[in-house]
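> Dropping the sequence and predicted coords here.
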Amino acid sequence: MADPATATAEKARRKALYEKNKPRYLALSKRWREQNPERVKFNDRNKGLKRNYGISEHDYQKMHATQNGPSPAQQGQVATTLDQLTSGGGVGALLRFKL
């Protein structure tokens, strides 16, 4: 494991370098996002799934396949029975309610 003092110094060095070149880094990031809209969309979705539900896009796709497609709530319908809510993966599994 690295020496904590060295790690702290390296972190400070990188932060100073970023601050010095911030406009350049922001421009590079913006250009990449414009050139890779599908990756940006995927990354944003994956971050949202991780942050909100603790699952990855891969986990979501596996659950979706196990559930045999969208639930009534995902189709814009209202689930009227407990069986409709719990079928294919448990309560809350991939349910997305329209408000």
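Yes, it's here. Residues are numbered from 1 along each chain as shown.

> Can you give the domain ranges for the chain?
4-68, 69-99 (automatic domain parsing).

> lowest-confidence stretch among these?
Ranked by mean pLDDT, the domains of the chain bottom out at domain 69-99, with a mean of 54.

> got the residue ranges for the helices in this structure?
In the chain, the helices defined using DSSP state H lie at 4-20, 22-35, 37-53, 57-66, 82-86.

> Make CSV from those and add mean neighbour count to it.
Just so you know, the C-beta spots here come from the backbone N, C-alpha and C atoms, and that holds for glycine as well. Converted to CSV, the helices of the chain look like this (neighbours: other CB atoms under 10 Å):
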stretch, mean neighbour count
helix 4-20, 10
helix 22-35, 10
helix 37-53, 11
helix 57-66, 13
helix 82-86, 13
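
> For residue 36, grab phi and psi.
Backbone torsions of residue 36, given as degrees, to the nearest 10, read phi -130, psi 60.
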